[in-house]
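In: Predicted coordinates and the sequence they were generated for:
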Amino acid sequence: MGTTTTATAQDLTQTLPQEVGTVAPALMAYITDGLFGTVWNAETLSMRDRALVTFAAMVTRGEGAQLGEFTALALDAGVTPAELSETITHLAFYTGWGNATAAAQAMAPVYAARGASADDLPGASPDLLPLNQKAEDARQNMVQNTYGDVSQGVVDYTQEMLFLDLWLRPDLAPRDRSLVTVAGLIAAGQPEQMTFHLNRAMDNGLTQTEAGGMLAHLAFYAGWPRVFSAMPVAKEVFANRAQ
Amino acid sequence: MGTTTTATAQDLTQTLPQEVGTVAPALMAYITDGLFGTVWNAETLSMRDRALVTFAAMVTRGEGAQLGEFTALALDAGVTPAELSETITHLAFYTGWGNATAAAQAMAPVYAARGASADDLPGASPDLLPLNQKAEDARQNMVQNTYGDVSQGVVDYTQEMLFLDLWLRPDLAPRDRSLVTVAGLIAAGQPEQMTFHLNRAMDNGLTQTEAGGMLAHLAFYAGWPRVFSAMPVAKEVFANRAQ
Amino acid sequence: MGTTTTATAQDLTQTLPQEVGTVAPALMAYITDGLFGTVWNAETLSMRDRALVTFAAMVTRGEGAQLGEFTALALDAGVTPAELSETITHLAFYTGWGNATAAAQAMAPVYAARGASADDLPGASPDLLPLNQKAEDARQNMVQNTYGDVSQGVVDYTQEMLFLDLWLRPDLAPRDRSLVTVAGLIAAGQPEQMTFHLNRAMDNGLTQTEAGGMLAHLAFYAGWPRVFSAMPVAKEVFANRAQ
C-alpha cells in the first residue's frame, strides 16, 4: 500500500508556480495552508497514493507543462520509476495516447536527472500475472453480445490489449492500476464509466476510506464539480458492496 | 453590472493569432465579422461580462497559451485586477488547481506591465460578506446526510473552504462568482451540476436575458455542443423560477 | 471517399515523441506494434479517414503541441490543405474557437513548408451547396420552439452561421464534416449530442462499418472510456436505421 512518504513540504512547494503569489495571493494561501498543509496530510490516503492519484489526474487533464514537478513529487513519495512508466502506459489506453506521450516528454528530463534509464523500466513482454479466466469470460461475453455488431474492433482490442495484456502486467499492482483508472475517470468527467472500475479497485484492495480520501483529494486537482458528479456513483457502489 | 466597455476592436483582434489568416481565411472571416463584429456587441450581455465569461471559459479549458491576451481584454473591458485574481482563485476550486496556477503564469506578465502588484490584490483573510446562515444550514445538512458516509473530507472541505469562506470573499461580487462558476460548468461539459449554480446566479442578480446571452457567447468559446447540452438545464431553471 | 493512402510508416513514427522510448518502453511497443502496425491498417476505415479523424480528435482535445506532425500525416494520407483548413473552421464551432486558433498556429509552419498559401485555401464566401429547405425548416422549427425562450441568440446563430452557411461550404464534403463532428463529440465526451450527428453522417454516406472503425480508432486517441460511452448511442442509431 506504499506508506513510504519521503515527500516533503519542499516537494509540494515546487509544484506551485511562483507567479501565483504575484497574481493571486489568496490562492497562494489556500494552496499552502489548505491543500499542502491539510489535505495532503489527511490520514484517509497515504502520501504515496496521493502523489500517484495527482499524477494520474494531471496526465488525464493534459497538464503536461506542470507534470515534471509532479513526477519528482511522486518519485519522492515512494512511487517507483517503473510504476510511473506503467501508469502512463495504462493511461494511454484510458485517457488517450496523446496525454501519455506528452507525459513522457515531461518525465524524461526528471528520469534522466535521477538516472532512471529504459533498462530499469518494464519492457514490452514481461511474465504476466495470472488471469481470472471465469471473470474474463463473463466480461468478454457481455461486451461481445452487447457491442459485437457495433464495432468488433473495439471488442477485440479491449480483450486482446487491455484485459489479456495491460491489466496483467506485473509492474503496477492491480490495486494501483484501478486507482489511476478511477482517478482518470473522475478527472475526465466520466462518472458513467466509474461503477465497474471502482468495484474492481475495491476487489483489488482499495478500501472505502481510501476511496473517500481520493475523492476529497481530487476535488482540488480535478475541480469540485467533477467530484460531486462522482459522489453518487461512489455512494451506490459502497451501498451495493455493503449488502 | 459593469457597463464600462473600454475594450476596443483592437483588443479583440489581439486575441486572434495571425496564423489563422494564413491557414484558414474563412475562419478569420467568421471571427472578425461574426464573433467580434456581431456577438461581442449584442445587447444581451455587457462587454465587461463577456470578457469575464470568456476568461473563465479559457481558464476552464486549460487554454493558458492564449490567456495573456484575454487577460488584457478583460482588464480593458472593466474587470479589475482584483476581480480577475479572485476569479482564478474561485476557478481553482471549480475547475481544478492546475488550471488556476497555469492562468497565474499567463496573467503575471500582463499584471506586471500594468503595474498591478500583489499589494493591490485581495489577501488571504479579508472581512467576509455576511452569511445567510439558514440557507447554508440547509445546504450543509443535505450534503452531510447524502454524502457523509461517502467522503466526510469532501463534505467538510466544501463547507469550510467554499461556503464559509470562498463565496463570502468580498472582492468578486456573488453575482460574478456565480457567473464564472456557470461559465466554467458549461465550458467543462458539466450541465448536471448547473441547476444549483444557475439558480444561485439568478438569486444573486443575473437576469434571464444575461443568462441567455452568456449561452450564445459561450457557443463560440466552448463549442456548440457544450451549449446545447446546457440549454435544457437553463430552460428548466427558467421555467421553475417563473412559476 | 479518399482512398489515397500515401502515408507511410515513417509518417506515423514522426507523431511519436522519442521520449516515449526512454520513459515507457512498453508504451512504445504498444504504439508501434498495436496502434501503428495493426489499428491504422485495419480495413474498416481508410487511412485517409483515420488521419482526418485523428486530426479532429487532437484538435478537440487541445493537443496543439503535437498537431504539426498530425497535420503532415493527414496531408500525406490524402487530406488536402483546403479540407484541413475547412476542418478547423468547422471544429471552431463544434469544439470551441480557441482549439481552432491553436490548431492554426500548429499548422502554419507545415503549410508554409509545403507551399500551401492562403490563396489556395477556401475563402469566406464560396458558392454554397444546395440547401435541403424542408429538412432545415423542420430543424429550425424544432429548435426555435424548444429554445427560443431560453436564448434566441443561440437559435439565430445556429441557423445563420451553421446550417445556412458552414454546413453548405463546398470544400469539405458533408460526409467529412459529419465525420469530424462525430469524432469531435466522442473526443469531447459528449455522446448525448451524437445521435443527430451520427445519423446525419450516415445520411451523408458514412457506412456502418466505417463508423465502427472510427470508434475502434478513437479508443486509442480519445481513450477507451470516451468510446465506451459512445457505443450505446451508436448501437441505438444503427438499430433505428435498420428498421
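Out: Received, thanks.
In: Next, find the distance separating the residue of chain A found nearest chain C from residue C:38.
Out: When scored by CB to the nearest CB, chain A has residue A:153 as its residue closest to chain C, at 3.0 Å. Glycine gets a C-beta too; all of them are placed from N, C-alpha and C. As defined by CB to CB, to the nearest Å, residue A:153 lies at a distance of 10 Å from residue C:38.
In: Residue A:101 too?
Out: 18 Å.
In: Compare neighbour counts for the two and give me the winner.
Out: residue A:101 (25 against 14; other CB atoms under 10 Å in any protein chain shown).
In: Remind me which helix or strand the most centrally placed residue in chain A belongs to.
Out: Note on chain A: the residue nearest the mean C-alpha position is residue A:180, at 2.0 Å, using CA atoms, centre = their mean. For residue A:180, the element it lies in under DSSP states H and E is helix A:174-187.
In: what's the neighbour count on the residue of chain A found nearest chain B?
Out: Residue of chain A nearest chain B, by CB to the nearest CB: residue A:216 (3.0 Å). Residues within reach of residue A:216, counting by other CB under 10 Å, total 22.
In: need the contact list for residue A:26.
Out: If a contact means CB atoms under 8 Å, 6 or more residues apart in numbering or on different chains, then residue A:26 has B:85, B:86, B:89, B:121, B:122, B:123, B:124, B:169 as its contacts.
In: All the strands of chain A, residue numbers only.
Out: For chain A, none of the segments meets the definition of strands by DSSP state E.
In: Just the CA coordinates for the helix or strand of chain A with the lowest mean pLDDT, please, in PDB.
Out: When each helix and strand of chain A is scored by mean pLDDT, DSSP states H and E, helix A:9-13 comes last, with a mean of 84. Output in PDB follows, covering the C-alpha atoms of helix A:9-13 (Å, rounded to 0.1, in the frame of the first residue of the first chain):
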ATOM      1  CA  ALA A   9       6.800  20.200   2.100                       C
ATOM      2  CA  GLN A  10       9.600  21.400  -0.300                       C
ATOM      3  CA  ASP A  11       8.500  18.900  -2.900                       C
ATOM      4  CA  LEU A  12       4.900  20.100  -2.700                       C
ATOM      5  CA  THR A  13       6.100  23.700  -2.900                       C
END
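In: ok, back up a step: the residue of chain A closest to chain C and residue C:222, how far apart?
Out: Taking CB to CB, one finds residue A:153 at 14 Å from residue C:222.
In: Would you mind telling me which of these two has the busier surroundings?
Out: Counted by other CB under 10 Å, residue A:153 and residue C:222 do not tie: residue C:222 has more neighbours, with 30 against 21.
In: surely residue A:190 meets residue C:225?
Out: Yes. The criterion here is CB atoms under 8 Å, and residue A:190 meets it with residue C:225 at 4.8 Å.
In: and the gap between the nearest residue to residue A:192 once chain neighbours are set aside and residue A:130?
Out: Distances taken as CB to CB, 6 or more residues apart in numbering or on different chains place residue C:229 nearest to residue A:192, at 5.9 Å, with adjacent residues excluded. Look at residue C:229 and residue A:130: by CB to CB, they are 30 Å apart.
In: Of these two, which one has the most company?
Out: Neighbour totals were compared for residue C:229 and residue A:130, and residue C:229 leads with 18 against 6 (other CB under 10 Å).
In: Burial check on the residue nearest to residue A:110 when sequence neighbours are not counted, number of neighbours?
Out: Using CB to CB, 6+ apart and skipping the chain neighbours, the partner closest in space to residue A:110 is residue A:71 (4.6 Å). Neighbours of residue A:71 under the rule other CB under 10 Å: 27.
In: same deal with residue A:157?
Out: By other CB under 10 Å, 23 other residues sit near residue A:157.
In: picking that back up, next up, the contacts around the residue nearest to residue A:192.
Out: A:190, A:192, A:193, C:189, C:191.
In: what's the most distant pair in those?
Out: By the measure CB to CB, A:193 and C:191 form the most distant pair in those, at 11.1 Å.
In: what residues are up against residue A:172?
Out: Residue A:172 touches A:82, A:83, A:86, A:87, A:90, A:180, counting by CB under 8 Å, 6+ apart.
In: How about residue A:90?
Out: Counted by CB under 8 Å, 6+ apart, residue A:90 has contacts A:166, A:172, A:177, A:180, A:181.
In: Now for those: which two are most distant?
Out: Top of the distance list for these (CB to CB): A:166 and A:180, 11.9 Å.
In: Is residue A:184 in contact with residue A:91, as I believe?
Out: Yes. The criterion here is CB under 8 Å, and residue A:184 meets it with residue A:91 at 5.8 Å.
In: Residues that sit against both of the two, list them.
Out: A:56, A:59, A:60.
In: separation between the first one and residue C:64?
Out: Pointing back at residue A:56 there. From residue A:56 to residue C:64 the distance is 22 Å (CB to CB).
In: So between these two, which is more surrounded?
Out: Between residue A:56 and residue C:64, counted using other CB under 10 Å, the more crowded position is residue A:56 (32 against 21).
In: check contacts around the more buried one.
Out: Counted by CB under 8 Å, 6+ apart, residue A:56 has contacts A:87, A:91, A:179, A:180, A:183, A:184, A:187.
In: From the residues you listed, list the ones also adjacent to chain C.
Out: residue A:184 (CB under 8 Å from any CB of the partner chain).
In: Who wins on neighbours among the contacts of residue A:56?
Out: residue A:183 (32 neighbours).
In: Surely it touches residue A:58?
Out: No. Counting by CB under 8 Å, residue A:183 stays clear of residue A:58, with 9.9 Å between them.
In: Show the pLDDT at residue A:139.
Out: Note on residue A:139: pLDDT of 97.
In: Could you report the neighbour count for residue A:110?
Out: 21.
In: Ok, the one 4 residues further on next?
Out: Counted with other CB under 10 Å, residues neighbouring residue A:114 total 12.
In: How about it, nearest residue that isn't a chain neighbour?
Out: Nearest non-adjacent residue to residue A:114 (CB to CB, 6+ apart): residue A:75, at 6.8 Å.
In: For that neighbour, give me its contacts.
Out: A:81, A:84, A:110, A:114.
In: mind checking how far it is from residue A:108?
Out: 13 Å.
In: what's the answer for residue A:84, then?
Out: 12 Å.
In: what about these two, which has more around it?
Out: Set side by side, residue A:84 and residue A:108 show more neighbours around residue A:84, with 29 against 21, by other CB under 10 Å.
In: ok, that one touching residue A:70?
Out: No. With contacts counted by CB under 8 Å, residue A:84 stays clear of residue A:70, the gap being 9.9 Å.
In: list the buried ones in stretch A:94-109?
Out: The neighbour-count check on stretch A:94-109 (16 or more other CB atoms under 10 Å in any protein chain shown) flags A:94-108 as buried.
In: my bad, should have said stretch A:193-210
Out: Buried, per 16+ other CB under 10 Å, within stretch A:193-210: A:193, A:194, A:197, A:198, A:199, A:200, A:201, A:202, A:204, A:206, A:208, A:210.
In: nearest residue to the fifth one other than its sequence neighbours?
Out: Closest residue to residue A:199 in three dimensions, ignoring its sequence neighbours and counting by CB to CB, 6+ apart: residue A:237, at 5.8 Å.
In: Equivalent analysis for the fourth one, please.
Out: Of all residues not flanking residue A:198 in the chain, residue A:237 sits nearest, at 4.8 Å (CB to CB, 6+ apart).
In: OK, contacts around the one you found?
Out: So residue A:237 contacts A:194, A:195, A:198, A:199, A:202 (CB under 8 Å, 6+ apart).
In: Distance of it relative to residue A:139?
Out: 17 Å.
In: and what of residue A:67?
Out: 32 Å.
In: Looking at the two, which is more packed in?
Out: More crowded of residue A:67 and residue A:139, by other CB under 10 Å: residue A:67, with 25 against 15.
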